[in-house]
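J.: what follows is a predicted protein model with its sequence.
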Amino acid sequence: MSFRPESRRFIPSKKNAPGFSDAALRARTADAFQSGASLYDDVRPSYPSAVTNLIDSAHTVIDVGAGTGKLSADLLSAERTVFAVDPSADMLAVLKQRHPEVFTWRATAEATAVKDHSVDAYVSAQTWHWVDTRAASAEADRVVVPGGKLMLCWNTLDVSHPWVLRYSRISHSGDVHREGFYPEVHPPWILAEELRLRWYQEATITDLIALAKTRSYWLRASETTRSKVESNLQWYLYERLGFEDDDVIPLPYRTDAFVYERV
């Protein structure tokens with residue numbers, strides 16, 4: 001392996017969340033995840049155990065925007081019931097196949113279809129930037145018991161590594177939040193605890209190319225655009241950085257998690 005790290009200056013993301021001109025565009029972009037669930041589950045990372053420890057006292061949890069169950073699986077235990085909702089039937093089919101203990105149905109962050117004050121925690125991983133945050137904050141207030149918690153978390157490519165920054169731009173990883181960001185959450189919720197971690201996931205070069213294919217940009221793109229993105233990634237990873245097919249590399253991630261309680 002002849003890995004030549006990029007030396008260009010690091011320019012951090014300035015985004016607290018991906019930007020959308022209006023709610024309709026946000027919804028159309030999120031709709032991209034109606035397909036591609038199996039690949040998403042194969043290559044997207046799970047979450048460090050410290051994330052689930054933030055709500056270890058919760059006996060009933062609803063995982064909102066659960067996708068294929070990356071967080072749901074971590075939350076499962078003999079003492080806890082996990083409900084999972086997502087707008088994508090494709091995502092939920094994979095979740096149900098791999099984690100049949102989780103109760104699943106199609107719903108949104110703004111309208112979960114559970115009873116008032118029926119869960120100890122409302123959690124949302126990799127999802128809050130796709131939702132109407134005011135409506136979702138109100139829905140969390142409706143469904144969480146008094147004294148319960150709202151927990152939000154993200155895994156983000158750690159673009160403080162210049163080669164990862166360039167990789168994220170080629171693959172149009174639009175969900176890279178700025179370092180130190182805070183999500184937009186509305187009353188009655190106030191921030192009670194936050195967690196910031198850096199870690200690495202082992203990945204092959206094939207994994208890196210597959211990961212780009214789980215982004216909303218790729219899922220919405222034409223075949224011409226997809227071909228261009230894949231060609232650019234192959235040039236960057238194989239020619240510019242000198243990776244080979246059998247190389248296993250540490251892919252850097254950040255995890256940011258936030259726990260909210262009522263005022």
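T.: In hand now; what should we look at?
J.: now do the strands in this protein.
T.: Using DSSP state E, the strands of the chain run over residues 60-64, 81-86, 103-106, 119-125, 144-157, 189-204, 248-262.
J.: make TSV out of those and add mean neighbour count, mean pLDDT and distance to Ser231.
T.: For glycine as for every other residue, the C-beta is placed from the backbone atoms N, C-alpha and C. Output for these, formatted as TSV (neighbours: other C-beta atoms under 10 Å; pLDDT from 0 to 100; distance: least, C-beta to C-beta, whole Å):
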stretch	mean neighbour count	mean pLDDT	distance to Ser231
strand 60-64	26	98	37
strand 81-86	23	97	32
strand 103-106	15	97	36
strand 119-125	25	98	32
strand 144-157	21	97	21
strand 189-204	14	97	19
strand 248-262	18	97	21
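J.: any chance of the ones you listed in JSON lines, plus distance to Trp163?
T.: Shown next, in JSON lines, are these (distance: least, C-beta to C-beta, whole Å):
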{"stretch": "strand 60-64", "distance to Trp163": "33"}
{"stretch": "strand 81-86", "distance to Trp163": "32"}
{"stretch": "strand 103-106", "distance to Trp163": "38"}
{"stretch": "strand 119-125", "distance to Trp163": "26"}
{"stretch": "strand 144-157", "distance to Trp163": "11"}
{"stretch": "strand 189-204", "distance to Trp163": "13"}
{"stretch": "strand 248-262", "distance to Trp163": "9"}
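J.: among these, which is nearest Ser137?
T.: The closest of those to Ser137 is strand 189-204. By C-beta to C-beta, the value is 5.8 Å.
J.: my guess is Val248 meets Thr206, correct?
T.: No - judged on C-beta atoms under 8 Å, Val248 makes no contact with Thr206 at a distance of 10.4 Å.
J.: closest one to Pro183 among the strands of the chain?
T.: Of all these, strand 144-157 sits nearest to Pro183, with 5.4 Å by C-beta to C-beta.
J.: report the inter-axis angle for the closest one versus strand 248-262.
T.: Strand 144-157 and strand 248-262 are oriented at 150 degrees to each other (axes from the mean of the first three to the mean of the last three C-alpha atoms, to 10 degrees).
J.: distance from strand 144-157 to the middle of the chain?
T.: The chain centre lies 13 Å from the centre of strand 144-157; the measure is C-alpha atoms, centre = their mean, to the nearest Å.
J.: pull up the pairing partners for it, direction included.
T.: strand 119-125 (parallel), strand 248-262 (antiparallel) (DSSP bridges).
J.: leaving aside the residues adjacent along the chain, what's closest to His186?
T.: Spatial nearest neighbour of His186, excluding adjacent residues (C-beta to C-beta, 6 or more residues apart in numbering): Ser137 at 3.9 Å.
J.: can you get me a residue count around that neighbour?
T.: 23 (other C-beta atoms under 10 Å).
J.: repeat for the one 3 residues further on
T.: Using other C-beta under 10 Å, the number of residues around Ala140 comes to 30.
J.: hmm, back to that, the strands of the chain: which one's closest to Val176?
T.: Closest to Val176 of those, according to C-beta to C-beta: strand 144-157, at 5.6 Å.
J.: Phe181 touches Asp256, doesn't it?
T.: Yes - counting by C-beta under 8 Å, Phe181 touches Asp256, with 6.9 Å between them.
J.: helices along the stretch 1-150 of the chain, start to end?
T.: For the stretch 1-150 of the chain, applying DSSP state H, counting those that start in this stretch gives helices covering 23-30, 37-43, 49-53, 70-75, 89-98, 133-143.
J.: between these, which one is closest to Glu239.
T.: Closest approach to Glu239 among these is made by helix 37-43 (22.3 Å; C-beta to C-beta).
J.: helices or strands up against that closest one?
T.: Judged by 3 or more C-beta pairs under 8 Å, 6 or more residues apart in numbering; DSSP states H and E, helix 37-43 is in contact with helix 89-98, helix 205-212.
J.: can I get these in TSV including mean neighbour count?
T.: Output for the helices and strands packed on helix 37-43, formatted as TSV (neighbours: other C-beta atoms under 10 Å):
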stretch	mean neighbour count
helix 89-98	18
helix 205-212	18
